[in-house]
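Student: Quick one, structure for this:
(one chain, ligands or ions: 1)
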Amino acid sequence: MKTPLNVETTLRELAASGNTVNCYIYDTTEMRTKIAHLTEIMPAGVEVFYAMKANPHAAFLAAALKADAKGIEIASLGEAEKAVAAGFDPSRLIYTGPGKSPEELSWAVENGIRTVHIESLTEAHRLNAIAERAGKTQDVLLRINADFDIHEAQTTFSGGSKKFGVDEEKLADILPQILALTSLNFRGLHVYAASGVLNVDDLLKNCELVFGMARQIETDFPAVLCDIIDFGGGFGVDYLESDHDFNPQAYADGLQALIERYGYQGRTFFLELGRYLAADSGWFCTEILDIKDSRGKKQVICAGGINHFRRPAALAINHPLAIVKLNRPALFDGQESIRKEAVYFGGPLCTGADKLANNVYVESADIGDIGVFGLAGAYGLTMSNMEFLSHERPDEIVLS
Ligand SMILES: *Cc1c(COP(=O)(O)O)cnc(C)c1O
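Tutor: The predicted model follows:
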């Protein structure tokens, strides 16, 4: 990875101020480009939503608004409030997630959000009672735990015993009960197979199986139309820099072919994308405070660790890493440095779990330089252990 020039310039300015550098830098240009591109190439009927749990920062919501994303996929009342504050009308919100509280469901109904994605029979009954009391009808999708999974994915949401949705094989029993709830308006299916998928064919396989499921439902229940089909998120990014970027055009072409094969023109298809839209719009930048040799391997200690960037530890991976060289004077003769070697990067926390990168090859790094971790715009600060050890919260600097 190369540090983008505007990120590097910002870091040099921050370093010149004399404070320890430890921050996220955001530039949402790429996110806006991606939303516009997807909107252009996807088949008619496909609507692109930003799944804001990837990064709930106002800059990312503003980018989604500016790029004309169809709306925001929320998973809590807190996210709903942030999306509305960013300028999204509640009618542009769609709501997924197991365990929505009565308060959250009431907010959704009262404010007229577009669709609530039902995760269980309990939730269907709870939402129906709330809508009935409010004198409203709520559009819903039914989330299904499909009977397959995508093996190469980082995280799977379907297949096996899962807390998401209702098992596919229970549909015949559960669907009629949901259809009988008169304050719910059944609009279709939500099947989110997996996250972080780079292989387009795997995701298209998911689409095909979901289309098959819709067809089966419409055969078994002739009064039902699955007018909206939600494929969830899942477009991956190439964390390993292995030249295997997700190919959205191939996905669009494959989906178009499937839509034609099934005769599903005129239907609506939701994509709820988080990682793919947000990842390359953010960098976690943290100053190297110490470098030591420990039994033949260099240990690099940075100002921020899993308290600010937990993902590499949580998923046992390395993110792309670049070093911004500041050429600061050594504190003493014989100070350790890194030259063309594979090293360990950790943070300041008093736990062995505090890993930022392991066995990562570095050309050159010295104490006082800044480690820049790429693809940190998605699932960065938002899924980190911010309170752990009570370090100061990193700044989030928005360039664009
Ligand atoms: C997390 C999540 C997404 C976004 O997933 P990505 O892999 O980041 O695209 C979309 N929909 C739901 C329901 C989610 O939980």
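
Student: pLDDT on stretch 123-130, on average?
Tutor: Along stretch 123-130, the predicted local confidence has a mean pLDDT of 98.

Student: Any buried residues in that stretch, and which?
Tutor: The neighbour-count check on stretch 123-130 (16 or more other C-beta atoms under 10 Å) flags 123-124, 126-128, 130 as buried. (Glycine included, C-beta is placed from N, CA and C.)

Student: Partner strands of whichever strand in the chain runs longest and their direction?
Tutor: With DSSP state E setting the assignment, residue counts place strand 282-294 as the longest strand in the chain. Taking DSSP bridges as the criterion, strand 282-294 sits next to strand 22-26 (antiparallel), strand 297-302 (antiparallel), strand 370-373 (antiparallel) in its sheet.

Student: Relative to Ala108, which of these is closest?
Tutor: With C-beta to C-beta as the measure, strand 22-26 is the member of the strands paired with strand 282-294 nearest Ala108 (28.7 Å).

Student: who touches the closest one?
Tutor: Taking contacts as C-beta atoms under 8 Å, 6 or more residues apart in numbering, the residues outside strand 22-26 that touch it are 7, 10-11, 14, 57, 59-60, 281-287, 302-304, 308, 376-377, 380-381, 392, 394-399.

Student: Please repeat the previous calculation with a cut-off of 6 Å.
Tutor: Identification of contacts with strand 22-26 by C-beta atoms under 6 Å, 6 or more residues apart in numbering yields 7, 10, 59, 281-286, 303-304, 381, 394-398.

Student: Mark which of the residues you listed are buried, thanks.
Tutor: A residue is treated as buried here by neighbour count (16+ other C-beta under 10 Å); on that basis the buried members of the contacts of strand 22-26 are 7, 10, 59, 281-286, 303-304, 381, 394, 396-398.

Student: Could you list the buried residues of stretch 262-272?
Tutor: Judged by neighbour count (16+ other C-beta under 10 Å), stretch 262-272 contains these buried residues: 264, 267-272.

Student: and the one helix or strand Ala15 maps to, what's its mean pLDDT?
Tutor: For Ala15, the element it lies in under DSSP states H and E is helix 5-16. Averaging the model's pLDDT scores along helix 5-16 yields 98.

Student: May I see the buried residues of it?
Tutor: Neighbour-count burial for helix 5-16, counted by 16+ other C-beta under 10 Å, picks out 7-8, 10-11, 14-15.

Student: Within its local environment, how many residues does Asn199 see?
Tutor: Other residues within reach of Asn199, judged by other C-beta atoms under 10 Å, total 16.

Student: Which pLDDT value belongs to it?
Tutor: On the pLDDT scale, Asn199 is placed at 93.

Student: who touches Asn206 in this structure?
Tutor: Ala193.

Student: Let's verify it: helix, strand, or coil?
Tutor: Remark: Asn206 carries the secondary structure label helix [criterion: DSSP: H, G, I helix; E, B strand; the rest coil].

Student: Could you report the distance from it to Met42?
Tutor: For Asn206, the distance to Met42 under the criterion C-beta to C-beta, to the nearest Å works out to 16 Å.

Student: returning to that earlier point: mark which of the buried residues of stretch 123-130 are part of helices, please.
Tutor: When DSSP state H is applied, the buried residues of stretch 123-130 are split such that 123-124, 126-128, 130 fall in helices.

Student: Using TSV, please lay out these together with distance to the ligand.
Tutor: Shown next, in TSV, are these (distance: C-beta to the nearest ligand atom, whole Å):
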residue	distance to the ligand
Glu123	14
Ala124	17
Arg126	19
Leu127	17
Asn128	21
Ile130	21
